[in-house]
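Novice: Give me a 3D structure for the following:
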Amino acid sequence: MFSISPSLIPKKEIIQDERILFVRTDGIIETMVNAPLIFAGLIIMSLMIPIHNSFASTRSLDLIIYPDGSTHISTEIDVDPLESNFSVDLFGQSIDNFVVSGDSGFLLYNEITDNKAIVDTFGTSFITIDYDVHDLISKEGRVWTFSFNSSFDYSLLMPSNSIIVGMNILPKNMEIINDQTKFDLSNGLSEINYVFGTSTPIETTSKPNSSVEYSTITIIGGLTIAGIIAGIIAIKRKQQKPSAKLLTEVKPTTKLSDIESIFKLNPEMRDDDKEIVKFISDNGGQVLESDLRKKFLQPRTTMWRAVKRLERLEVIEITKKDLQNLIKLKIDTEKDNE
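Specialist: This is a model prediction of the structure:
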């Protein structure tokens, strides 16, 4: 028998007995190689978080000025369906009649704080927002001033019987819709000064000359601006004339007798719904729902209820065109025979 010297005992066993932590180093080199890749991945993930918000883009922006100085805003925005909610900046803090709906027409839950709204999207690909704002128009004397700063191009429908007396920009397009002036404006700051005309003579008191002078300036200013705008529009319409002709050729037509038969078959139809039917008929038998809202100055929910009433009466049908609701008259003469 011979004894083993303690010095010959393996070092590994001594480490275990003395409870010293043994760290393996064969994986450290691999970890050091992969660390830059992991770090780069984390950076990319952090950068992708705000990218979800960048998916949102404004499809359309339409404004309607009411005679009382309030403005109705309607906008359609593409959103990321993978995001549970969406934040949108509003054009003012004095907000009324705020309504948000998804691509299927259902109303979406929202919360408004100051001039920002948080909308629960529920997987929708685009949202439609309608609301009234009281912060865009001011008044001094008889002159009303519309001031609006937008990052997107937009359309603006002026109130009836309004006369433009000053503008800081030239519109891309202008048209008259039922005695209302509609502008297509570029992004940026826009300021439009306008007054309301009157069919009655202006009464003069102690300063007759000042009243006549003010009226003369208003008329001259309005005519000058209208002349400049008309010249620009005329040039643009020459370039777009072929496409306009194509659109008019495609439009279907409806007869007055067809409209009368619709009213006879539906005596319970409301008078305001009859006006909608007449407007659709006058525009070739089909219009976009957004055109109805602009014509009758109604919020989206109110107009949607009217459209659904007509659909239940089988007077119109609703189809999709470029992700918008297209309203068509249903001229069914078979009902007359029945």
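
Novice: Tell me which helix or strand comes right after the least confident helix or strand in the chain by mean pLDDT.
Specialist: The weakest-scoring helix or strand in the chain, judged by mean pLDDT, DSSP states H and E, is helix 241-250 (a mean of 40). On the C-terminal side of helix 241-250, the closest following helix or strand by DSSP states H and E is helix 256-265.

Novice: What are the buried residues along that next one?
Specialist: Asp258, Ile259, Ser261, Ile262 (16 or more other Cβ atoms under 10 Å). For every residue, glycine as well, the C-beta is placed using N, CA and C.

Novice: and those residues as TSV, adding pLDDT?
Specialist: Listed next are the buried residues of helix 256-265 as TSV, based on pLDDT from 0 to 100:
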residue	pLDDT
Asp258	78
Ile259	83
Ser261	85
Ile262	86
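
Novice: Just the closest of those residues to Asn187, please.
Specialist: Distance to Asn187, by Cβ to Cβ, is smallest for Ile259 among these, at 40.7 Å.

Novice: correct me, but the closest one touches Lys278?
Specialist: Yes - counting by Cβ atoms under 8 Å, Ile259 touches Lys278, with 6.5 Å between them.

Novice: Could you verify that Leu292 is part of a helix?
Specialist: Yes - under DSSP: H, G, I helix; E, B strand; the rest coil, Leu292 falls within a helix.

Novice: Who are the contact partners of it?
Specialist: Contact analysis of Leu292 by Cβ atoms under 8 Å, 6 or more residues apart in numbering lists Ile276, Phe279, Ile280, Gln298, Met303, Ala306, Val307, Ile327.

Novice: Please report how far the closest residue to the second one other than its chain neighbours lies from Ile327.
Specialist: Using Cβ to Cβ, 6 or more residues apart in numbering and skipping residues adjacent in sequence, the residue nearest Phe279 is Lys295, 5.8 Å away. Taking Cβ to Cβ, to the nearest Å as the measure, Lys295 and Ile327 are separated by 12 Å.

Novice: can you pull the contacts of the nearest residue to Asn178 once chain neighbours are set aside?
Specialist: Spatial nearest neighbour of Asn178, chain neighbours left out: Lys295 (7.1 Å); criterion: Cβ to Cβ, 6+ apart. By Cβ under 8 Å, 6+ apart, Lys295 lies in contact with Ile177, Asn178, Phe279.

Novice: List the neighbouring strands of the strand or helix carrying Lys320 plus their orientation.
Specialist: In this structure, Lys320 is located in strand 316-321 according to DSSP H and E. With DSSP bridges as the test, strand 316-321 is paired with strand 324-329 (antiparallel).

Novice: quick one: the strand it pairs with to helix 256-265, angle?
Specialist: When axes from the mean of the first three to the mean of the last three Cα atoms, to 10 degrees is applied, the directions of strand 324-329 and helix 256-265 differ by 90 degrees.

Novice: Now do strand 324-329: everything it contacts.
Specialist: Against strand 324-329 from outside (Cβ under 8 Å, 6+ apart): 105, 254, 258, 262, 277, 280-281, 285-290, 292, 307, 315-320.

Novice: so is the residue nearest to Asn178 in a helix, a strand, or just coil?
Specialist: Once three-state DSSP is applied, Lys295 turns out helix.

Novice: Next one, pLDDT for it please.
Specialist: Lys295 is assigned 88 on the pLDDT scale.

Novice: coming back round to it: what subset of the contacts of strand 324-329 is buried?
Specialist: Taking 16+ other Cβ under 10 Å as the criterion, what is buried in the contacts of strand 324-329 is 254, 258, 262, 277, 280-281, 285-287, 289-290, 292, 307, 315-316.

Novice: in the stretch 151-300 of the chain, which spans are helices?
Specialist: Remark: helices assigned in the stretch 151-300 of the chain by DSSP state H, counting those that start in this stretch are 208-239, 241-250, 256-265, 271-282, 289-296, 300-312.

Novice: Lowest average pLDDT across these?
Specialist: Mean pLDDT is lowest for helix 241-250 out of the helices of the stretch 151-300 of the chain, coming in at a mean of 40.

Novice: The stretch 1-150 of the chain: helices as residue ranges?
Specialist: 11-17, 28-54.

Novice: weakest of these in terms of mean pLDDT?
Specialist: Among those, helix 11-17 has the lowest mean pLDDT, at a mean of 50.

Novice: Quick check: which ranges of the stretch 51-200 of the chain have low pLDDT?
Specialist: The model of the stretch 51-200 of the chain has pLDDT under 70 over residues 51-56, 198-200.

Novice: One more pass at 50, please.
Specialist: 51-54, 199-200 (pLDDT under 50).

Novice: which stretches of it form strands?
Specialist: 57-65, 71-78, 85-89, 95-101, 110-113, 116-120, 126-133, 137-140, 143-150, 154-157, 162-167, 173-177, 180-185, 188-196 (DSSP state E, counting those that start in this stretch).

Novice: thinking again about what came up before, distance of the residue nearest to Asn178 relative to Gly285?
Specialist: 15 Å.

Novice: Tell me, how many residues neighbour Leu156?
Specialist: The number of residues packed near Leu156 is 20, by other Cβ atoms under 10 Å.

Novice: Next one: it from Thr319, what distance?
Specialist: 28 Å.

Novice: circling back to that earlier point, out of the contacts of Lys295, which are buried?
Specialist: Neighbour counting over the contacts of Lys295 (16+ other Cβ under 10 Å) leaves Phe279 as the buried ones.
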